[in-house]
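Asker: This is the structure alone, sequence omitted:
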């Protein structure tokens, strides 16, 4: 592994529906926001299309002029409702450990508000070396390039675009709203059914890289 020693492996991950199943928590937070504001929100529809920034979803349920205030309120109540119900995705913890077993480092790059992302990761016992929030799609490349990520793992076509913009290998999992065909069409290099397949893939990748 001499090559890996001179160029440490850095793997980036998306958060929602990649490392954590945030659907129960996000649904609970939206239900609370609905109850508080009187807005009618189809929470099942919301959690079926996670990935893009919060404001992109809120504009479907509130007038544009109210979206900034509603986003601030949602983020404020989020820790109360969304953290505890949201478990790690199958294979998530094992995938992070597999990277560390190879002497690598991990980062999480997410569109989610960073303080809330940190609460999620602490709750499920995942401690990345780097956490960056508030970045979506191609903007994720900023953080990936800054920290030298050679691989970025995500569940959305936006994650694929971010990886490609950063010059990183795009590993896509079909655990989110995008199916294999969508992810492949977006340019994913590797498609896995879930992170349970990631450690075995990583060992093959590392062997070829060394």
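Answerer: Received the coordinates, thanks. Here the structure is a predicted model, which means the values were calculated and not measured. Numbers count the residues shown, from 1 in each chain.
Asker: tell me how far stretch 78-92 is from the chain's mean position?
Answerer: Stretch 78-92 sits 12 Å away from the centroid of its parent chain (Cα atoms, centre = their mean, to the nearest Å).
Asker: And for stretch 180-199?
Answerer: Worked out by Cα atoms, centre = their mean, stretch 180-199 lies 14 Å from the chain centre.
Asker: what does that stretch contact?
Answerer: 18-19, 89-92, 94-95, 98, 153, 157, 160-161, 164, 169-175, 178, 201 (Cβ atoms under 8 Å, 6 or more residues apart in numbering). To be clear about C-beta, it is placed using only N, CA and C from the backbone, and glycine gets the same treatment.
Asker: buried sites along that stretch?
Answerer: 183-184, 186, 188, 190-192, 194-199 (16 or more other Cβ atoms under 10 Å).
Asker: Kindly report the same for stretch 105-122.
Answerer: Quick answer for stretch 105-122 (16+ other Cβ under 10 Å): 105-113, 116-121.
Asker: Ok, stretch 167-174 next?
Answerer: For stretch 167-174, the neighbour count (16+ other Cβ under 10 Å) marks 168, 169, 170, 171, 172, 173, 174 as buried.
Asker: Okay, and the third one sits in which element?
Answerer: Translated: residue 170. strand 169-173 (DSSP states H and E).
Asker: Paired strands for that strand, with orientation please.
Answerer: strand 151-154 (parallel), strand 190-192 (parallel) (DSSP bridges).
Asker: Do you have the helices of this protein handy? List them.
Answerer: 2-6, 23-37, 43-47, 54-58, 67-82, 92-101, 114-124, 140-146, 157-166, 180-186, 198-209 (DSSP state H).
Asker: among those, which is nearest residue 13?
Answerer: With Cβ to Cβ as the criterion, residue 13 lies closest to helix 92-101 of the helices of the chain, at 7.8 Å.
Asker: Could you figure out how far the closest one is turned away from strand 169-173?
Answerer: 150 degrees (axes from the mean of the first three to the mean of the last three Cα atoms, to 10 degrees).
Asker: mean confidence for helix 92-101?
Answerer: For helix 92-101, the mean pLDDT works out to 98.
Asker: contacting residues for residue 86?
Answerer: 20, 21, 22, 23, 24, 25, 26, 120, 123, 124.
Asker: thought the first one was touching residue 93?
Answerer: In other words, residue 20. No: between residue 20 and residue 93 there is no contact under Cβ atoms under 8 Å: 10.6 Å.
Asker: Quickly list what's touching both of these two.
Answerer: residue 124.
Asker: ok, the two, which is more surrounded?
Answerer: Under the criterion of other Cβ atoms under 10 Å, the comparison of residue 20 against residue 93 puts residue 20 first, with 26 against 15.
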